[in-house]
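Enquirer: build the 3D model from these lines:
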Amino acid sequence: MKLNLIAGFTLALMTAVSVGYAQDANKPTQPTTNYDYHETFGPPFYSKNGNEYRAADGAPGPKYWQNRADYQIAATLNEDANQITGSEVLTYTNNSPQKLGYLWMNLEQNLFKLDSRGTAIVPPTGSRNWGRGQDFDAGFKIKSIKILGAKGAETDVKFLVSDTRMQLFLPKEVTADGGVVKLKIEYSFISPDYGSDRMGIQQTKNGKIFQVAQWYPRMCVYDDVSGWNTIPYTGPGEFYLEYGDFDLKITAPAKDIVVASGQLMNPQEVYTPEQLKRWAEAENSEKTVMIRTADEVNDPKSRPAGKTELTWHFEIKNARDASWGASAAFIVDAAKMDLPSGKKAMAISAYPVESDGNDAYGRSTEYVKKSIEFNSAKWFEFPYPNATVVAGITGGMEYPGIVFCGYKAKKASLWSVNDHEFGHTWFPMIVGSNERLYGWMDEGFNTFINTLSTADFNNGEYKPKKPMDLHAMAPRITNPTLESILSQPANLKEKNTGILLYFKPSIGLTMLREQILGPERFDFAFRNYIDKWAFKHPTPDDFFRSMENAGGENLQWFWRGWFLNNWQLDVAVRDVKYVSDAPSKGSIITIDNLQKMAMPVILEIKTVSGKVSRITLPVEIWERNSSWTFNYPSTEEIESVTYDPDKVFPDINPDNNVWKK
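Expert: Predicted coordinates:
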């Protein structure tokens with residue numbers, strides 16, 4: 001019996017081989033290919049299994065933890081010296097299962113020292129990621145660090161500053177599973193004029209505009225993935241921060257208006273009675289309401305009388321950071337935002353007269369309102385009381401509840417920067433990924449959701465006039481000289497940052513939504529990812545697993561080709577034959593995969609009578625094949641077969657995409 005089974009198997013194998021040879025003899029010679037289906041669909045993409053901290057389905061595990069940092073900060077702005085002096089009370093909660101005998105903090109202002117690591121790696125051609133060579137007394141001046149104990153006791157803490165990091169050596173370990181340490185830090189720094197396009201000072205005819213960020217020593221993240229995350233800040237990689245509550249008190253000259261992350265707690269002390277009436281009107285208005293007009297900027301009556309300084313008190317809850325802007329030059333306007341739950345929130349814009357006008361910041365609040373309303377309904381509700389734009393020297397930078405944008409932006413460029421910077425509310429303000437390592441998880445995801453909000457805004461007012469042509473873009477976005485998307489920002493050539501952190505991840509998500517999963521499955525999976533990781537710290541694996549599980553699709557081939565590697569796509573239509581040489585009996589069409597990437601296939605088939613039809617083939621045709629032959633039920637001669645007629649895939653070689661009679 002056993003011998004008969006082996007003999008039967010051998011006979012079947014020989015028959016199959018001979019049939020295969022006979023079939024292959026009828027095909028045109030297959031061209032040389034770089035495609036290796038075992039590489040694309042081969043060994044598992046994931047290097048480790050899910051665990052109790054991060055589950056296999058991409059959600060936080062049952063024992064997921066993260067630490068917490070709550071801040072009370074009082075700061076004073078000296079406009080003449082461009083100096084901020086601060087006192088910070090930090091309450092740090094250690095929810096990890098380990099005791100912590102030392103802490104690490106970020107000191108990003110130290111980037112602007114001329115001997116910093118970030119300055120040392122700037123090429124002679126320059127960069128956006130530094131202080132433009134400004135020679136000044138840069139960096140944090142740490143006056144003192146003390147532990148606050150019971151009954152007001154204060155104990156000095158030894159600390160060591162290393163470039164943009166600071167290590168604190170605690171006299172007593174912070175206990176695990178909820179231990180708390182409270183620190184008081186006294187410090188000051190001088191603001192750079194241009195701070196790596198993330199903060200700075202804009203001169204206007206009515207005074208300086210301060211966009212203030214990275215303005216207090218802040219905790220490094222301690223997590224279950226890397227322990228302490230202490231990669232130095234050199235400019236390209238952004239931030240990775242713990243969540244907590246912020247209580248901010250900012251003292252500035254009385255002529256200034258201050259805007260900041262969160263809710264203003266003392267409006268009666270810092271605005272005039274007329275302005276308070278206008279704020280009340282804006283809280284219920286769908287249209288933009290002027291709080292301080294261009295004509296009032298130089299009017300002393302537009303500021304409270306009798307004071308040389310005013311202290312502005314703001315609070316924001318469950319945020320990863322907080323920032324602020326200050327200027328005597330601000331025009332201010334606002335409108336209410338309509339959120340799905342009915343929660344109250346406002347869109348606010350602060351800008352100089354140089355930015356005024358309906359083609360410019362006169363529509364800024366409208367843009368912010370519509371952008372946030374769309375994304376709140378589509379993905380996850382905006383979590384903060386206000387969304388404030390500050391126009392100034394910074395081209396575009398995001399913080400919780402406040403963004404800094406270039407004061408010269410107009411029309412489509414202003415919509416785009418407002419939409420993009422507030423799109424960052426979802427990535428990384430809500431979904432708190434590690435920007436220092438994975439910039440594509442905030443920039444790329446945000447660029448993707450911007451495509452949908454832009455298509456929606458005002459019936460497509462700023463929507464691109466033509467669909468995206470990925471055939472034309474393929475030579476740039478899959479150029480062999482590019483790094484991969486999964487490269488760390490610091491490992492990218494600066495010229496490649498726009499492609500690899502913003503554009504290429506966005507295109508990947510668009511293909512995943514429109515061509516692979518479909519909008520309904522994709523949107524559910526993407527919302528599920530946001531919901532599960534809201535105010536938490538996901539990694540790339542958590543995202544990949546989450547999309548696969550909620551989308552119901554094994555996408556490891558896609559992650560491997562588009563994110564892990566910089567592979568190219570080249571599908572060719574090789575040949576058309578007819579069954580029994582009779583077009584009326586059906587056609588046999590052969591296509592080839594000539595490069596390393598795999599994608600589903602869309603073919604447009606046109607017959608000699610002019611009839612046009614389309615067929616789609618799943619990506620699985622490439623699971624064990626580098627060429628694919630299939631039957632098409634033609635009833636007449638075929639005029640042409642075109643691969644990817646709408647150019648929705650990044651095919652590198654359009655010359656072989658069409659077979660013609």
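
Enquirer: is it correct that Ala474 is in contact with Asn657?
Expert: No: here Ala474 does not reach Asn657: they are 11.4 Å apart, not a contact under Cβ atoms under 8 Å. The way it works is simple: take the backbone N, C-alpha and C, and place the C-beta from them, glycine included.

Enquirer: common neighbours of the two, please.
Expert: Shared contacts of Ala474 and Asn657, defined by Cβ atoms under 8 Å, 6 or more residues apart in numbering, comprise Asp651.

Enquirer: in which helix or strand would I find Pro475?
Expert: Assigned by DSSP states H and E, Pro475 belongs to helix 470-477.

Enquirer: residues in contact with the helix or strand just after that helix?
Expert: With elements assigned by DSSP H and E, the helix or strand that comes after helix 470-477 is helix 497. Under the contact criterion Cβ under 8 Å, 6+ apart, helix 497 has outside partners 236, 439, 489.

Enquirer: who wins on neighbours among these?
Expert: Comparing the contacts of helix 497 on neighbour count, Gly439 comes out first with 26 neighbours (neighbours: other Cβ atoms under 10 Å).

Enquirer: tell me how far that one lies from Thr454.
Expert: Distance, Gly439 to Thr454, using Cβ to Cβ, to the nearest Å: 21 Å.

Enquirer: just the helices in the stretch 51-200 of the chain please.
Expert: 117-120 (DSSP state H, counting those that start in this stretch).

Enquirer: I misspoke; the intended subject was the chain.
Expert: Secondary structure of the chain (DSSP state H): helices at 2-25, 37-41, 117-120, 267-270, 273-282, 364-378, 411-423, 443-456, 470-477, 497, 504-511, 519-532, 540-551, 556-558.

Enquirer: so which residues of the stretch 1-150 of the chain form strands?
Expert: 68-78, 83-94, 100-106, 141-148 (DSSP state E, counting those that start in this stretch).

Enquirer: other SSEs contacting the first one?
Expert: Judged by 3 or more Cβ pairs under 8 Å, 6 or more residues apart in numbering; DSSP states H and E, the packing partners of strand 68-78 are strand 83-94, strand 218-219, strand 244-253.

Enquirer: one more time with 10 Å, if that's ok
Expert: Applying 3 or more Cβ pairs under 10 Å, 6 or more residues apart in numbering; DSSP states H and E, we find strand 68-78 packed against strand 83-94, strand 179-190, strand 207-212, strand 218-219, strand 244-253, strand 309-319, strand 324-327.

Enquirer: same check on the third one?
Expert: Using 3+ Cβ pairs under 10 Å, 6+ apart as the contact criterion, the secondary-structure elements in contact with strand 100-106 are strand 83-94, strand 158-162, strand 165-174, strand 179-190, strand 218-219, strand 222-223, strand 227-228.

Enquirer: tell me the contacts of the spatially most central residue of the chain?
Expert: Per Cα atoms, centre = their mean, the C-alpha nearest to the average position across the chain is that of Asp442, at 1.7 Å. Neighbouring residues of Asp442 by Cβ atoms under 10 Å, 6 or more residues apart in numbering: 238-239, 398, 423-424, 426-429, 431-435, 501-502, 505.

Enquirer: Tyr194 too?
Expert: 112, 128, 130-134, 200-202, 393-394.

Enquirer: most neighbours among the residues you listed, please name it.
Expert: Phe112 (30 neighbours).

Enquirer: just the CA trace of stretch 458-475, in PDB.
Expert: C-alpha atoms of stretch 458-475 as PDB (Å, rounded to 0.1, in the frame of the first residue of the first chain):
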ATOM      1  CA  ASN A 458     -16.000  74.000   1.400                       C
ATOM      2  CA  ASN A 459     -17.000  71.500  -1.300                       C
ATOM      3  CA  GLY A 460     -13.400  70.900  -2.200                       C
ATOM      4  CA  GLU A 461     -12.300  74.600  -2.400                       C
ATOM      5  CA  TYR A 462      -8.700  73.600  -2.100                       C
ATOM      6  CA  LYS A 463      -8.900  70.000  -3.400                       C
ATOM      7  CA  PRO A 464      -6.300  69.100  -6.100                       C
ATOM      8  CA  LYS A 465      -7.700  69.600  -9.600                       C
ATOM      9  CA  LYS A 466      -6.400  66.300 -10.800                       C
ATOM     10  CA  PRO A 467      -6.200  62.800  -9.200                       C
ATOM     11  CA  MET A 468      -2.800  61.800  -7.900                       C
ATOM     12  CA  ASP A 469      -0.700  60.100 -10.700                       C
ATOM     13  CA  LEU A 470       1.400  57.500  -8.900                       C
ATOM     14  CA  HIS A 471       3.000  56.400 -12.100                       C
ATOM     15  CA  ALA A 472       4.600  59.900 -12.400                       C
ATOM     16  CA  MET A 473       5.500  59.900  -8.800                       C
ATOM     17  CA  ALA A 474       7.000  56.400  -8.600                       C
ATOM     18  CA  PRO A 475      10.500  57.300  -9.700                       C
END
